[in-house]
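Engineer: Below are the sequence and a predicted model for it; my questions follow.
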Amino acid sequence: MTETQSAGLTRRDCLQALLAGTWCVGAAPANAQSPADGVEDDTWTDTDRKRDVPVRVRWPQSDRHNSALPVVLFSHGLGGTRDGGTVWGQAWAAAGFVVVHIQHPGSDLAAVSRTATSFSDKAGLRAAAGAAQLLARLQDVGFVLNQIGLRRTAGQGHWARARPGTVGMSGHSFGAHTTLGMAGQRYPGFDGLSEPRLASFIAFSPTLPSAGDAQRAFDRLSRPVLSVTGTRDQDVLGNGATPDKRIAVFAALPPGGKAQLVLQDADHMTFGGQTGRATEIVPREPVTRDQQARDHALVAAITTDWWRATLLDDAAARARLNEPVGLRPGDRWQQK
(Lines give C-alpha, C1' and ligand atoms only; values in the text may rest on other atoms or scores of the structure.)
Protein backbone atom coordinates (compact mmCIF):
# COMPACT_ATOMS: atom_id res chain seq x y z
CA MET A 1 0.00 0.00 0.00
CA THR A 2 1.40 3.38 -0.95
CA GLU A 3 1.32 6.45 1.30
CA THR A 4 -1.28 8.01 -1.03
CA GLN A 5 -3.49 4.94 -0.88
CA SER A 6 -3.22 4.61 2.89
CA ALA A 7 -4.19 8.25 3.39
CA GLY A 8 -7.67 7.43 2.12
CA LEU A 9 -8.48 5.26 5.13
CA THR A 10 -10.27 6.76 8.10
CA ARG A 11 -8.86 7.15 11.60
CA ARG A 12 -11.28 4.43 12.74
CA ASP A 13 -9.83 2.06 10.11
CA CYS A 14 -6.34 2.89 11.36
CA LEU A 15 -7.22 2.32 14.99
CA GLN A 16 -8.88 -1.00 14.24
CA ALA A 17 -5.92 -2.12 12.21
CA LEU A 18 -3.44 -1.09 14.88
CA LEU A 19 -5.39 -2.80 17.62
CA ALA A 20 -5.62 -5.91 15.48
CA GLY A 21 -1.83 -5.94 15.38
CA THR A 22 -1.50 -5.02 11.71
CA TRP A 23 0.63 -2.25 10.20
CA CYS A 24 -1.10 1.01 9.39
CA VAL A 25 1.72 3.33 8.38
CA GLY A 26 1.87 2.89 4.63
CA ALA A 27 5.25 1.15 4.88
CA ALA A 28 6.74 -2.32 4.77
CA PRO A 29 6.44 -4.50 7.88
CA ALA A 30 9.29 -4.79 10.33
CA ASN A 31 10.60 -8.07 8.95
CA ALA A 32 11.32 -6.36 5.63
CA GLN A 33 14.29 -4.59 7.22
CA SER A 34 17.69 -6.11 6.50
CA PRO A 35 21.33 -5.57 7.47
CA ALA A 36 21.95 -4.41 3.90
CA ASP A 37 19.82 -1.37 4.71
CA GLY A 38 21.95 -0.63 7.78
CA VAL A 39 18.98 -1.78 9.86
CA GLU A 40 18.78 -5.05 11.79
CA ASP A 41 15.71 -6.40 13.57
CA ASP A 42 16.40 -8.95 16.28
CA THR A 43 14.97 -10.33 19.50
CA TRP A 44 17.23 -10.49 22.52
CA THR A 45 16.18 -12.95 25.23
CA ASP A 46 16.56 -12.08 28.90
CA THR A 47 16.89 -15.57 30.35
CA ASP A 48 16.75 -14.31 33.95
CA ARG A 49 13.30 -12.79 33.38
CA LYS A 50 12.23 -15.26 30.68
CA ARG A 51 11.43 -12.25 28.52
CA ASP A 52 11.99 -11.62 24.82
CA VAL A 53 12.87 -8.02 23.96
CA PRO A 54 12.54 -7.06 20.28
CA VAL A 55 15.08 -4.49 19.10
CA ARG A 56 15.84 -2.61 15.92
CA VAL A 57 19.46 -1.55 15.46
CA ARG A 58 20.43 1.19 13.01
CA TRP A 59 24.06 1.25 11.97
CA PRO A 60 25.85 4.30 10.57
CA GLN A 61 27.37 3.93 7.11
CA SER A 62 30.74 2.32 7.73
CA ASP A 63 32.43 4.21 4.91
CA ARG A 64 31.50 7.54 6.51
CA HIS A 65 32.09 6.75 10.18
CA ASN A 66 35.23 4.70 10.71
CA SER A 67 35.94 5.57 14.35
CA ALA A 68 34.43 4.11 17.52
CA LEU A 69 30.66 4.49 17.49
CA PRO A 70 28.57 6.08 20.25
CA VAL A 71 25.24 4.41 21.04
CA VAL A 72 21.81 5.89 21.74
CA LEU A 73 18.67 4.03 22.84
CA PHE A 74 15.02 4.84 22.09
CA SER A 75 11.99 3.66 24.08
CA HIS A 76 8.56 3.84 22.40
CA GLY A 77 5.35 5.15 23.93
CA LEU A 78 2.39 3.12 25.15
CA GLY A 79 1.07 0.88 22.39
CA GLY A 80 4.17 1.34 20.26
CA THR A 81 6.70 -0.98 18.67
CA ARG A 82 10.32 -0.78 17.62
CA ASP A 83 9.02 1.37 14.73
CA GLY A 84 8.80 4.19 17.29
CA GLY A 85 11.35 6.96 16.83
CA THR A 86 12.06 6.07 13.20
CA VAL A 87 12.53 9.71 12.15
CA TRP A 88 14.91 10.41 15.01
CA GLY A 89 16.78 7.13 14.59
CA GLN A 90 17.40 7.75 10.90
CA ALA A 91 18.81 11.20 11.63
CA TRP A 92 21.00 9.99 14.48
CA ALA A 93 22.37 7.04 12.51
CA ALA A 94 23.17 9.36 9.60
CA ALA A 95 25.17 11.47 12.08
CA GLY A 96 27.27 8.48 13.16
CA PHE A 97 25.38 6.99 16.09
CA VAL A 98 24.32 3.39 16.60
CA VAL A 99 20.61 3.60 17.42
CA VAL A 100 18.83 0.82 19.31
CA HIS A 101 15.02 0.99 19.29
CA ILE A 102 13.67 -1.10 22.18
CA GLN A 103 10.21 -2.70 22.12
CA HIS A 104 8.68 -3.33 25.55
CA PRO A 105 6.40 -6.38 25.86
CA GLY A 106 3.49 -5.64 28.17
CA SER A 107 3.13 -2.01 27.08
CA ASP A 108 3.58 -2.41 23.33
CA LEU A 109 0.99 -2.64 20.56
CA ALA A 110 0.21 -6.30 21.24
CA ALA A 111 -0.43 -5.58 24.93
CA VAL A 112 -2.65 -2.57 24.24
CA SER A 113 -4.69 -4.63 21.77
CA ARG A 114 -5.54 -6.95 24.68
CA THR A 115 -6.55 -4.25 27.17
CA ALA A 116 -8.15 -1.49 25.07
CA THR A 117 -10.99 -1.54 22.58
CA SER A 118 -9.61 1.52 20.79
CA PHE A 119 -7.13 4.32 21.39
CA SER A 120 -10.00 6.35 22.82
CA ASP A 121 -10.45 3.69 25.54
CA LYS A 122 -8.36 5.56 28.10
CA ALA A 123 -9.06 3.14 30.95
CA GLY A 124 -7.95 0.25 28.76
CA LEU A 125 -4.81 2.11 27.77
CA ARG A 126 -3.95 2.91 31.38
CA ALA A 127 -4.23 -0.77 32.23
CA ALA A 128 -1.07 -1.33 30.18
CA ALA A 129 0.77 1.65 31.68
CA GLY A 130 1.00 0.83 35.39
CA ALA A 131 3.92 0.71 37.79
CA ALA A 132 4.71 -2.92 36.99
CA GLN A 133 5.12 -2.10 33.31
CA LEU A 134 7.33 0.89 34.08
CA LEU A 135 9.59 -1.33 36.19
CA ALA A 136 9.69 -3.92 33.39
CA ARG A 137 10.70 -1.18 30.96
CA LEU A 138 13.51 0.02 33.22
CA GLN A 139 14.74 -3.56 33.46
CA ASP A 140 14.55 -3.87 29.66
CA VAL A 141 16.93 -0.93 29.31
CA GLY A 142 19.39 -2.43 31.79
CA PHE A 143 19.22 -5.74 29.94
CA VAL A 144 19.85 -4.06 26.57
CA LEU A 145 22.87 -2.25 28.00
CA ASN A 146 24.19 -5.58 29.28
CA GLN A 147 23.72 -7.14 25.86
CA ILE A 148 25.53 -4.29 24.12
CA GLY A 149 28.44 -4.70 26.53
CA LEU A 150 28.59 -8.46 25.99
CA ARG A 151 28.49 -8.07 22.22
CA ARG A 152 31.21 -5.46 22.28
CA THR A 153 33.48 -7.53 24.54
CA ALA A 154 33.00 -10.57 22.31
CA GLY A 155 33.85 -8.51 19.24
CA GLN A 156 30.54 -9.46 17.66
CA GLY A 157 30.16 -7.79 14.29
CA HIS A 158 29.94 -4.01 14.36
CA TRP A 159 29.47 -4.05 18.14
CA ALA A 160 33.25 -4.28 18.48
CA ARG A 161 33.34 -0.60 17.50
CA ALA A 162 30.79 0.60 20.05
CA ARG A 163 32.08 3.23 22.46
CA PRO A 164 31.81 2.27 26.14
CA GLY A 165 30.58 4.95 28.49
CA THR A 166 29.00 7.08 25.75
CA VAL A 167 25.42 5.83 25.67
CA GLY A 168 22.42 8.13 25.40
CA MET A 169 18.86 7.27 26.45
CA SER A 170 15.70 8.68 24.90
CA GLY A 171 12.01 7.90 24.63
CA HIS A 172 8.55 9.24 23.86
CA SER A 173 5.60 9.52 26.28
CA PHE A 174 5.76 6.28 28.34
CA GLY A 175 9.25 6.08 26.87
CA ALA A 176 9.97 9.52 28.36
CA HIS A 177 8.95 8.13 31.77
CA THR A 178 11.34 5.24 31.07
CA THR A 179 14.10 7.68 30.11
CA LEU A 180 13.76 9.85 33.21
CA GLY A 181 13.48 6.71 35.33
CA MET A 182 16.86 5.53 34.05
CA ALA A 183 18.24 9.02 34.75
CA GLY A 184 17.33 8.77 38.44
CA GLN A 185 13.71 9.89 38.89
CA ARG A 186 12.21 8.97 42.27
CA TYR A 187 8.69 7.56 42.69
CA PRO A 188 6.33 7.25 45.68
CA GLY A 189 7.44 4.10 47.47
CA PHE A 190 10.31 3.45 45.02
CA ASP A 191 13.57 5.37 45.00
CA GLY A 192 14.11 4.63 41.34
CA LEU A 193 17.28 3.84 39.42
CA SER A 194 20.30 5.80 38.30
CA GLU A 195 22.01 3.86 35.54
CA PRO A 196 25.70 4.89 35.45
CA ARG A 197 26.26 3.60 31.90
CA LEU A 198 23.98 6.32 30.49
CA ALA A 199 25.60 9.70 29.90
CA SER A 200 22.82 11.87 28.45
CA PHE A 201 19.04 11.84 28.00
CA ILE A 202 16.28 13.15 25.72
CA ALA A 203 12.67 12.98 26.95
CA PHE A 204 10.03 13.48 24.23
CA SER A 205 6.66 14.53 25.72
CA PRO A 206 7.54 14.06 29.41
CA THR A 207 5.19 15.16 32.18
CA LEU A 208 5.32 16.04 35.84
CA PRO A 209 4.93 13.19 38.35
CA SER A 210 1.29 12.43 39.10
CA ALA A 211 1.95 12.65 42.85
CA GLY A 212 4.51 14.16 45.18
CA ASP A 213 6.96 17.01 44.78
CA ALA A 214 8.42 17.23 41.26
CA GLN A 215 11.69 18.81 42.33
CA ARG A 216 12.20 16.02 44.86
CA ALA A 217 11.36 13.44 42.18
CA PHE A 218 13.96 14.89 39.80
CA ASP A 219 16.65 15.99 42.24
CA ARG A 220 19.06 13.19 41.29
CA LEU A 221 19.00 14.02 37.57
CA SER A 222 22.49 15.52 37.48
CA ARG A 223 23.39 14.44 33.93
CA PRO A 224 22.35 16.28 30.74
CA VAL A 225 18.61 16.13 30.00
CA LEU A 226 16.77 17.64 27.02
CA SER A 227 12.98 17.90 27.29
CA VAL A 228 11.06 18.17 24.00
CA THR A 229 7.35 19.05 23.89
CA GLY A 230 4.77 21.32 22.22
CA THR A 231 1.94 23.67 23.05
CA ARG A 232 -0.62 21.07 21.86
CA ASP A 233 1.10 18.08 23.50
CA GLN A 234 -2.16 16.79 24.89
CA ASP A 235 -3.32 14.22 27.45
CA VAL A 236 -3.76 10.90 25.63
CA LEU A 237 -4.41 8.62 28.65
CA GLY A 238 -6.73 10.73 30.77
CA ASN A 239 -4.09 11.10 33.49
CA GLY A 240 -3.92 14.89 33.46
CA ALA A 241 -0.76 15.28 31.38
CA THR A 242 -1.56 18.73 29.97
CA PRO A 243 0.80 20.78 27.78
CA ASP A 244 1.49 23.03 30.77
CA LYS A 245 2.52 20.05 32.90
CA ARG A 246 4.81 18.79 30.17
CA ILE A 247 6.44 22.20 29.78
CA ALA A 248 6.82 22.45 33.58
CA VAL A 249 9.18 19.47 33.66
CA PHE A 250 12.09 21.72 32.66
CA ALA A 251 11.55 24.09 35.59
CA ALA A 252 11.48 21.14 38.01
CA LEU A 253 14.81 19.70 36.80
CA PRO A 254 17.93 20.63 38.77
CA PRO A 255 20.16 23.17 36.98
CA GLY A 256 23.23 22.15 35.05
CA GLY A 257 23.18 20.61 31.59
CA LYS A 258 19.42 20.90 31.10
CA ALA A 259 17.54 22.21 28.07
CA GLN A 260 14.00 22.42 26.75
CA LEU A 261 12.51 22.72 23.26
CA VAL A 262 8.83 23.72 23.07
CA LEU A 263 7.30 23.91 19.58
CA GLN A 264 4.27 26.07 18.93
CA ASP A 265 1.23 23.98 17.89
CA ALA A 266 3.10 20.67 17.94
CA ASP A 267 1.08 17.84 19.50
CA HIS A 268 1.77 14.51 21.20
CA MET A 269 2.14 12.50 18.01
CA THR A 270 4.64 14.97 16.57
CA PHE A 271 7.23 13.66 18.98
CA GLY A 272 6.79 9.92 18.48
CA GLY A 273 9.22 10.07 15.57
CA GLN A 274 6.91 8.51 12.98
CA THR A 275 5.09 9.71 9.88
CA GLY A 276 2.01 8.76 7.87
CA ARG A 277 -0.99 7.14 9.45
CA ALA A 278 0.81 5.96 12.57
CA THR A 279 0.44 9.56 13.78
CA GLU A 280 -3.36 9.52 13.42
CA ILE A 281 -4.31 7.30 16.37
CA VAL A 282 -5.52 10.35 18.30
CA PRO A 283 -7.38 13.46 17.03
CA ARG A 284 -5.09 16.13 15.59
CA GLU A 285 -5.47 19.71 14.39
CA PRO A 286 -4.76 20.69 10.76
CA VAL A 287 -2.09 23.18 11.82
CA THR A 288 -0.17 20.41 13.54
CA ARG A 289 -0.25 18.18 10.48
CA ASP A 290 0.72 21.04 8.20
CA GLN A 291 3.89 21.83 10.14
CA GLN A 292 4.89 18.28 11.10
CA ALA A 293 7.59 17.91 8.43
CA ARG A 294 9.15 21.20 9.54
CA ASP A 295 8.93 20.20 13.20
CA HIS A 296 10.49 16.82 12.51
CA ALA A 297 13.42 18.40 10.67
CA LEU A 298 14.01 20.87 13.50
CA VAL A 299 13.78 18.26 16.26
CA ALA A 300 16.06 15.90 14.34
CA ALA A 301 18.69 18.64 13.95
CA ILE A 302 18.57 19.84 17.56
CA THR A 303 18.55 16.35 19.09
CA THR A 304 21.46 15.30 16.88
CA ASP A 305 23.42 18.30 18.10
CA TRP A 306 22.42 17.39 21.67
CA TRP A 307 23.95 13.92 21.31
CA ARG A 308 27.05 15.31 19.62
CA ALA A 309 27.53 17.92 22.33
CA THR A 310 26.85 15.71 25.36
CA LEU A 311 28.22 12.35 24.19
CA LEU A 312 31.10 13.47 21.95
CA ASP A 313 31.95 16.87 23.48
CA ASP A 314 31.53 18.43 20.04
CA ALA A 315 32.22 22.16 20.45
CA ALA A 316 30.54 23.11 17.16
CA ALA A 317 27.35 21.28 18.13
CA ARG A 318 27.40 22.93 21.53
CA ALA A 319 27.72 26.33 19.87
CA ARG A 320 24.74 25.58 17.61
CA LEU A 321 22.68 24.68 20.67
CA ASN A 322 23.30 28.14 22.08
CA GLU A 323 21.28 29.61 19.18
CA PRO A 324 19.36 26.89 17.32
CA VAL A 325 18.52 27.72 13.72
CA GLY A 326 14.96 27.30 12.47
CA LEU A 327 12.90 28.35 15.49
CA ARG A 328 9.71 30.21 14.60
CA PRO A 329 7.63 32.73 16.57
CA GLY A 330 6.09 30.93 19.51
CA ASP A 331 8.81 28.25 19.67
CA ARG A 332 10.88 28.24 22.84
CA TRP A 333 14.46 27.11 23.55
CA GLN A 334 15.83 27.25 27.08
CA GLN A 335 19.00 26.08 28.79
CA LYS A 336 20.11 26.10 32.40
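Structural biologist: Perfect, thanks for sending it.
Engineer: ok, how many other residues are close to Met182?
Structural biologist: 24 (other Cβ atoms under 10 Å). Yep, even glycine has a C-beta here, placed from its N, CA and C like the rest.
Engineer: If you could redo that for Ala199, that was the one I meant.
Structural biologist: There are 18 residues near Ala199, going by other Cβ under 10 Å.
Engineer: and it, that one's in a strand?
Structural biologist: Yes: secondary structure of Ala199 (DSSP: H, G, I helix; E, B strand; the rest coil): part of a strand.
Engineer: can you tell me the helix or strand for Ala140?
Structural biologist: Not quite, residue 140 is Asp, not Ala. Using DSSP states H and E, the element containing Asp140 is helix 131-153.
Engineer: Three-state assignment for the nearest residue to Ala111 once chain neighbours are set aside, please.
Structural biologist: Distance criterion Cβ to Cβ, 6 or more residues apart in numbering; nearest residue to Ala111, sequence neighbours excluded, is Ala128 at 4.8 Å. Applying three-state DSSP to Ala128 yields a three-state assignment of coil.
Engineer: can you pull out the helices in this structure?
Structural biologist: 3-6, 11-19, 86-94, 109-115, 122-126, 131-153, 174-183, 214-218, 243-252, 286-290, 292-312, 315-322 (DSSP state H).
Engineer: JSON lines for those, including mean pLDDT?
Structural biologist: As requested, the helices of the chain are exported to JSON lines (pLDDT from 0 to 100):
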{"stretch": "helix 3-6", "mean pLDDT": "28"}
{"stretch": "helix 11-19", "mean pLDDT": "32"}
{"stretch": "helix 86-94", "mean pLDDT": "97"}
{"stretch": "helix 109-115", "mean pLDDT": "83"}
{"stretch": "helix 122-126", "mean pLDDT": "72"}
{"stretch": "helix 131-153", "mean pLDDT": "95"}
{"stretch": "helix 174-183", "mean pLDDT": "96"}
{"stretch": "helix 214-218", "mean pLDDT": "96"}
{"stretch": "helix 243-252", "mean pLDDT": "97"}
{"stretch": "helix 286-290", "mean pLDDT": "93"}
{"stretch": "helix 292-312", "mean pLDDT": "97"}
{"stretch": "helix 315-322", "mean pLDDT": "98"}
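Engineer: Could you point out which of those sits nearest Gly79?
Structural biologist: Across the helices of the chain, the minimum distance to Gly79, taken as Cβ to Cβ, is reached by helix 109-115, at 3.8 Å.
Engineer: name the helices or strands packed onto the closest one?
Structural biologist: Taking 3 or more Cβ pairs under 8 Å, 6 or more residues apart in numbering; DSSP states H and E as contact, the helices and strands that helix 109-115 lies on are helix 11-19, helix 122-126.
Engineer: in it, what's buried?
Structural biologist: Within helix 109-115, the residues that count as buried by 16 or more other Cβ atoms under 10 Å are 109, 111-113, 115.
Engineer: and if you look at stretch 309-320?
Structural biologist: Neighbour-count burial for stretch 309-320 flags 309-312, 317, 320 (criterion: 16+ other Cβ under 10 Å).
Engineer: For Phe174, see how far away Thr207 is.
Structural biologist: Separation of Thr207 from Phe174 (Cβ to Cβ, to the nearest Å) stands at 10 Å.
Engineer: Next, work out how far apart the residue nearest in space to the middle of the chain and Arg328 are.
Structural biologist: Among the residues of the chain, the smallest C-alpha distance to the mean C-alpha position (Cα atoms, centre = their mean) belongs to Gly171, namely 2.2 Å. Gly171 is 26 Å from Arg328, where distance means Cβ to Cβ.
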